[in-house]
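K.L.:
Sequence and predicted structure below; questions after.
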Amino acid sequence: METKIRCGWCVGDKLYEAYHDLEWGVPLKDDAAIFEFLTLETFQAGLSWITVLRKRENFRKAFDNFDYQKIAEYSEEKTEALMQDSGIIRNRLKILATVSNSQAFMKVQQEFGSFARYIWGFVDNNPLQNSWKTLSEVPATTAISDALSKDLKKRGFKFVGSTVMYAHMQATGMVNDHVIGCFRHLEVKQKSQ
């Protein structure tokens, strides 16, 4: 049986491996999908990604399938109901940030035509292709994630620090950070061309 070589951070957990093999690093240019990752990464701040990934389906149900137009209209009653939902991460500031981020998200759409057009502009519309040999080489932030974070904060987004935004860039394929020994490195690179 052939064993696939993967980035070390996902090895040993079937859910993590599936996420790594199918989603992580694949260029995303669909606003709805980008908003889902932005929301999940908001909740990840200060926690591990696997914690959020295990609750992803619960988040999907709780947040109306990540429909940012619905979320932008959430009432105080809805946010209180979310605070009682044990299936998600119950952090009031992050729940409120998700509501305000959805409103800011739509303002960006109005200005740029789509959120994807805005965010992909930070990498000139082309995924950055890295060639890391080991996980220890992969940075937590870059000058681009710093600039993106600063601009999003200026636009009213919350929980979008540089580390969170670099994780977002990795997840949505704005940067290919699969290590070169990983079977997905070349596959993701080819999807980017």
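P.N.:
Arrived safely.
K.L.:
Show me the shaky parts of the protein.
P.N.:
The chain contains residues with pLDDT under 70 at 1-2, 193.
K.L.:
would you list every one of the strands in it?
P.N.:
Using DSSP state E, the strands found in the chain span residues 128-129, 175-176.
K.L.:
Any idea which of those gets closest to Leu53?
P.N.:
Closest approach to Leu53 among the strands of the chain is made by strand 175-176 (19.3 Å; CB to CB). Glycine gets a C-beta too; all of them are placed from N, C-alpha and C.
K.L.:
Can you identify each of the helices in the protein by residue range?
P.N.:
Taking DSSP state H as the criterion, the chain contains helices spanning 14-22, 31-44, 49-54, 56-62, 68-71, 76-83, 92-112, 115-120, 143-154, 162-171, 183-191.
K.L.:
Could you say which one of those comes nearest to Gly8?
P.N.:
Per CB to CB, nearest to Gly8 of the helices of the chain: helix 14-22, 10.2 Å.
K.L.:
Who are the packing partners of that closest one?
P.N.:
When contacts are defined as 3 or more CB pairs under 8 Å, 6 or more residues apart in numbering; DSSP states H and E, helix 14-22 packs onto helix 49-54.
K.L.:
Residues touching the helix it packs on, excluding its own?
P.N.:
By CB atoms under 8 Å, 6 or more residues apart in numbering, the surrounding residues in contact with helix 49-54 are Asp13, Leu15, Tyr16, Tyr19, Leu40, Glu41, Phe43, Gln44, Phe59, Ile89, Ala167.
K.L.:
Please identify the buried residues of it?
P.N.:
Residues of helix 49-54 classed as buried: Trp49, Val52, Leu53 (neighbour count, 16 or more other CB atoms under 10 Å).
K.L.:
Closest to Val138 out of the residues you listed?
P.N.:
Nearest member of the buried residues of helix 49-54 to Val138, counting by CB to CB, is Trp49, at 13.6 Å.
K.L.:
that older thread, select, out of the strands of the chain, the one closest to Trp9.
P.N.:
Here strand 175-176 is closest among the strands of the chain (CB to CB), at 14.8 Å.
K.L.:
Partner strands of the closest one, with direction?
P.N.:
Take DSSP bridges as the rule and strand 175-176 pairs in its sheet with strand 128-129 (parallel).
K.L.:
roughly how far is the partner strand from the heart of the chain?
P.N.:
17 Å (CA atoms, centre = their mean, to the nearest Å).
K.L.:
all numbers from here: first residue = 20
P.N.:
OK, 20 is where the count begins now, so the last one is strand 147-148.
K.L.:
which other residues reach that strand?
P.N.:
Ile163, Met193, Val194, Asn195, Lys208, Ser211.
K.L.:
One more pass at 7 Å, please.
P.N.:
Outside of strand 147-148, the residues within contact range by CB atoms under 7 Å, 6 or more residues apart in numbering are Met193, Val194, Asn195, Lys208, Ser211.
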